[in-house]
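Here's a sequence, model it:
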Amino acid sequence: MYQFFIAIILVLGGTSFWLYNENQTLTENNLKLNYAVEEQKETMRVMQENFEKQGKALQNLSRRNAQIEADKDKYLQILSKHNFEKLAVAKPGLMELRFNKGTDEVLRELENDTKEISSLDSTSSND
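This is a model prediction of the structure:
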């Protein structure tokens, strides 16, 4: 009879030990999962901030593109009204000065745009 009680005590002790180890493992896993969830939340927050920055940058680029398109249309309209070949033959000095001035302006704007894009690239790589 004593052997029966000892066997039951051993079985209950072994089961309790196994359950205790399982509980410890589950507790550790729960802590790891909670940490992973917090990490994912932080990642999502950073991604949301980056998405908002990209949206604002895209809006600014769209506005700038619309402005450039309007300028292009204005210049094309001006160019379509004049016969530059005829003017260049009739007044070559005047046309050379105007073309050089226009070329300088275009190159200056291109340089400014390039600087602006370069500053955007360096700003985004620092974030």
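
Helix, strand, or coil at residue 105?
Here residue 105 is helix, with the state taken from DSSP: H, G, I helix; E, B strand; the rest coil.

Tell me the pLDDT of it.
Looking at residue 105, its pLDDT reads 91.

Let me see the domain layout of the protein.
19-81, 83-127 (automatic domain parsing).

Format those as CSV; extra columns: mean neighbour count and distance to residue 2.
Every C-beta, even on glycine, is put in place using the N, C-alpha and C of the backbone. Supplementary listing: those in CSV, determined by neighbours: other C-beta atoms under 10 Å; distance: least, C-beta to C-beta, whole Å:
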stretch, mean neighbour count, distance to residue 2
domain 19-81, 10, 25
domain 83-127, 10, 74
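
Sketch out the low-pLDDT regions of this structure for me.
121-127 (pLDDT under 70).

The top helix by length along the chain packs against which elements?
Ranked by residue count, the top helix of the chain under DSSP state H comes out as helix 2-81. Taking 3 or more C-beta pairs under 8 Å, 6 or more residues apart in numbering; DSSP states H and E as contact, there are no helices or strands that helix 2-81 lies on.

Follow the chain on from that helix and name the next helix or strand.
Using DSSP states H and E, the helix or strand that follows helix 2-81 in sequence is helix 84-90.

for that next one, packing partners?
helix 92-126.

How far off centre is the helix it packs on?
Here helix 92-126 is found 26 Å from its chain centre; the criterion is C-alpha atoms, centre = their mean, to the nearest Å.

ok so, going back, so the longest helix of the chain versus helix 92-126, what angle?
For helix 2-81 against helix 92-126, the angle by axes from the mean of the first three to the mean of the last three C-alpha atoms, to 10 degrees is 170 degrees.

give me the number of residues near residue 18?
10 (other C-beta atoms under 10 Å).

ok, now how distant is it from residue 47?
Distance of residue 18 to residue 47, given as C-beta to C-beta, to the nearest Å: 43 Å.

Kindly report the same for residue 9.
56 Å.

Same question for residue 77.
Taken as C-beta to C-beta, the span from residue 77 to residue 47 is 44 Å.
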